[in-house]
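Pasting the sequence and the predicted model now:
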Amino acid sequence: MSTLTREETEALIQEVLEVYPEKAKKDRAKHLAVNDQAVEQSKKCITSNRKSLPGVMTIRGCAYAGSKGVVWGPIKDMIHISHGPVGCGQYSRAGRRNYYVGTTGIDTFGTMNFTSDFQEKDIVFGGDKKLAKLINEVEMLFPLHKGISVQSECPIGLIGDDIEAVSKKAAKEINKPIVPVRCEGFRGVSQSLGHHIANDAIRDWVLDKRDGQQFESTPYDVSIIGDYNIGGDAWASRILIEEMGLRVVSQWSGDGTLAEMEKTPKVKLNLLHCYRSMNYISRHMEEKYGIPWLEYNFFGPTKIAESLRAIAAFFDDKIKEGAERVIAKYQPMMDAVIAKYKPRLQGKTVMLYVGGLRPRHVIGAYEDLAMEVIGTGYEFGHGDDYDRTIKEMGNATLLYDDANGFELEEFVKRLKPDLVGSGIKEKYVFQKMGIPLRQMHSWDYSGPYHGYDGFAIFARDMDMAISNPCWSKQTPPWLKKPEVEVELKKAA
Amino acid sequence: MANIMVQKDAKGAYVFYLPKRDLEDAIVSMEFDTPEKWGGEIKLNNGGAYYIEPQALPARFPISLRAKRIDAAE
Ligand code: SF4
């Protein structure tokens, strides 16, 4: 519980590395670091975005997961075909909790799984015919869909199917866009390359479709990019942006539609929440259409206020006043939340291990509750993510890149945080060790956590996890020593 | 030859971006930086160096360019 000094943290890393064989030790040493705010460039202290070590239990996903699961999947009025064997899509079906409005199976398809269900003969003779047939079936069964994306699973790249040709031909026949995405799972070292490939597919197949078309724009048009509406996150963010006087033209890709994506090049500013998964397309729009982009952070009142002001700085006084109005309006509500939960959570320590933007974005929210983040890391972050993280984290805290089951366990055993924020694969390991864990991918089936409304839920959930009476019942009564009981009574 | 992107950060300094490797880095020096002649050898913060065919100062940033790798870091 006590925070370690720099030397102690370094010693801890060495100790954990001790079990590895020489070569693996050398490799993993580059991915573990003690944070030093003085370092300008993260690559001086931590290596990231490298192939995981064979044999360790990495927690990463594949490129298909990055494209189908993250970027394309939430676009609700399109049908995303998991092209290949049935498992990749079926086992990940509806797991990300991207909320949307619509009638599933009629005009929206978010939680459904479409697959070409490859069999041996498709691998041997190729699956192009099957794909063409599947597209026709989809068109017949779900006539209200707005387009199709073909998400390649591993075998497609291995057997060399020409999904582009099939897509082009079928798109003419059904007169709707069909986007082939080459996101075979083996590409890249993690899901991160899948995000990139998906962004490139949007650039090549979607974004320029309405160039030169009439569009009634206002000077206040913006788009929300990289919010996947987990548990309603994007909705909780969108109301704030609209309240300050801006018009949200499109929302990517949580609760998003194809038409919104096509209209994005008409906006004045792109608001980027998940930098990791959508910076590529933002950069492209900046170059091609001259649309600036801004990274914002809607976790916790401090960061929200900062972000609202940064967004408003791109616009005139009307919006700047709007931002102040919004901040003032929600401040009393936030004060009440903090007054309620801070005394219960003050000084508690947290260790995070997530992906995308959360390892750095949620730090502010914890700090608003006077909690302290003592370790953080990304599953698939890059150098630029760590550049941004170093400033957010305290000195001598622990950074771990692509950590594996063993390392995380050891770190948690030694640092003894009061809460771990990670995913489902880690949840029960740590809870059985007696440490509460909140899933920070799916918000543990709660949410939203973005925006002011989200913070109230966030604070409640963290309190619920930490203050749950079960954590003091870890030792069975017959093993309890009398003095422990006394201590517990004191604590309670 | 590699496809790169040169952009300007909030302070107006040049930033290098290599999409293929998702590498973002500050440009610490650029051989030519005048309106008539721009480009040449650029040095990155990570120690890498690239060569951009000298050209007139681009009217707008960010801009995608072809660049030759002289010396890659790592
Ligand atoms: S790695 Fe390949 S086979 Fe495995 S889930 Fe990803 S796409 Fe499917």
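Ah, there it is. Numbering: from 1, shown residues only, chains lettered A, B, ... in the order given.

For residue 35, grab the count of nearby residues.
Using chain A here. Counted by other C-beta atoms under 10 Å in any protein chain shown, the residues lying close to residue A:35 total 26. For glycine as for every other residue, the C-beta is placed from the backbone atoms N, C-alpha and C.

hm, I was asking about chain B
Around residue B:35 there are 7 residues (other C-beta under 10 Å).

Residue B:57 is in contact with that one, correct?
Yes - if you go by C-beta atoms under 8 Å, residue B:35 and residue B:57 touch, sitting 4.7 Å apart.

Tell me the residues of chain B that contact the ligand?
Within chain B, not a single residue sits near the ligand (C-beta under 6 Å from any ligand atom).

any chance you could map the strands in chain B?
B:2-8, B:14-18, B:23-33, B:38-44, B:49-55, B:63-71 (DSSP state E).

Which parts of the fourth one count as buried, going by neighbours?
Put plainly, it is strand B:38-44. Neighbour counts over strand B:38-44 (16 or more other C-beta atoms under 10 Å in any protein chain shown) mark B:38-44 as buried.

Let me know how buried the closest residue in space to residue A:184 that isn't next to it in sequence is, in neighbour terms.
Nearest residue to residue A:184, sequence neighbours excluded (C-beta to C-beta, 6 or more residues apart in numbering or on different chains): residue A:157, at 3.7 Å. Residue A:157 has 18 neighbours, counted by other C-beta under 10 Å.

what's the following helix or strand after the helix or strand encompassing residue A:157?
Taking DSSP states H and E as the definition, one finds residue A:157 inside helix A:154-159. Using DSSP H and E, the helix or strand that follows helix A:154-159 in sequence is helix A:163-174.

closest point of the stretch 51-200 of chain A to the ligand, which residue?
Closest approach between the stretch 51-200 of chain A and the ligand, counting by C-beta to the nearest ligand atom: residue A:185, at 2.4 Å.

Against residue A:193, how distant is the residue in chain B that the ligand sits nearest to?
Relative to the ligand, the nearest point of chain B is residue B:22 (19.7 Å; C-beta to the nearest ligand atom). For residue B:22, the distance to residue A:193 equals 8 Å [C-beta to C-beta, to the nearest Å].

and the gap between residue A:256 and chain B?
23 Å (C-beta to the nearest C-beta, to the nearest Å).

thought that residue was touching residue A:73?
No - counting by C-beta under 8 Å, residue A:73 is not a contact partner of residue A:256; they are 10.5 Å apart.

Give me the more crowded residue out of those two.
residue A:73 (29 against 26).

Got the phi and psi for the more buried one?
phi -50, psi -50 (degrees, to the nearest 10).

Between the two ends of stretch A:351-360, what distance do you get?
One end of stretch A:351-360 to the other measures 11 Å (C-alpha to C-alpha, to the nearest Å).

who's in contact with residue A:177?
A:146-148, A:171, A:205-206, A:209, A:258 (C-beta atoms under 8 Å, 6 or more residues apart in numbering or on different chains).

And those, which of them are buried?
A:146-148, A:171, A:205-206, A:258.

So which of those sit within strands?
Going by DSSP E, the strands hold A:147-148 from the buried ones among the contacts of residue A:177.

export the buried ones among the contacts of residue A:177 to a markdown table and tack on distance to residue A:90 and pLDDT?
What follows is the buried ones among the contacts of residue A:177, written out as a markdown table (distance: C-beta to C-beta, whole Å; pLDDT from 0 to 100):
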| residue | distance to residue A:90 | pLDDT |
| --- | --- | --- |
| A:146 | 24 | 96 |
| A:147 | 22 | 96 |
| A:148 | 18 | 97 |
| A:171 | 26 | 96 |
| A:205 | 26 | 95 |
| A:206 | 26 | 95 |
| A:258 | 24 | 96 |
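
wait, is residue A:420 part of a strand?
Yes - applying DSSP: H, G, I helix; E, B strand; the rest coil, one finds residue A:420 inside a strand.

The residue of chain B closest to the ligand and residue A:49 touch, don't they?
Yes - at 6.8 Å, residue B:22 counts as touching residue A:49 under the criterion of C-beta under 8 Å.

of the two, who's got more company?
Between residue B:22 and residue A:49, residue A:49 has the larger neighbour count (other C-beta under 10 Å), namely 22 against 19.

Need the nearest residue in space to that one, chain neighbours excluded.
Setting aside the residues directly before and after it, residue A:49 is nearest to residue A:382 in space (C-beta to C-beta, 6+ apart), at 4.6 Å.

so how far is the ligand from the one you found?
20 Å (C-beta to the nearest ligand atom, to the nearest Å).

for residue 60, what are its contacts?
Since no chain was named, I'll use chain A. A:52, A:189-191, A:379-380, A:402 are the contacts of residue A:60 under C-beta under 8 Å, 6+ apart.

wait, chain B
Per C-beta under 8 Å, 6+ apart, neighbours of residue B:60: residue A:290.

Please tell me how far it sits from residue B:13.
16 Å.

Isn't residue A:278 up against residue A:227?
No - applying C-beta under 8 Å as the test, residue A:278 and residue A:227 come out as separate, 9.3 Å apart.

coming back round to it: and what about the residue of the stretch 51-200 of chain A closest to the ligand, helix, strand or coil?
Per three-state DSSP, residue A:185 ends up coil.

neighbours of it, just the number please.
Residue A:185 has 23 nearby residues by other C-beta under 10 Å.

How about the contacts made by the residue nearest to it when sequence neighbours are not counted?
Excluding the flanking residues, the one nearest residue A:185 by C-beta to C-beta, 6+ apart is residue A:62, at 3.4 Å. By C-beta under 8 Å, 6+ apart, the contact set of residue A:62 is A:154, A:185-186, A:190-191, A:194.

The same query, at a cut-off of 7 Å, please.
By C-beta atoms under 7 Å, 6 or more residues apart in numbering or on different chains, the residues touching residue A:62 are A:185, A:191, A:194.
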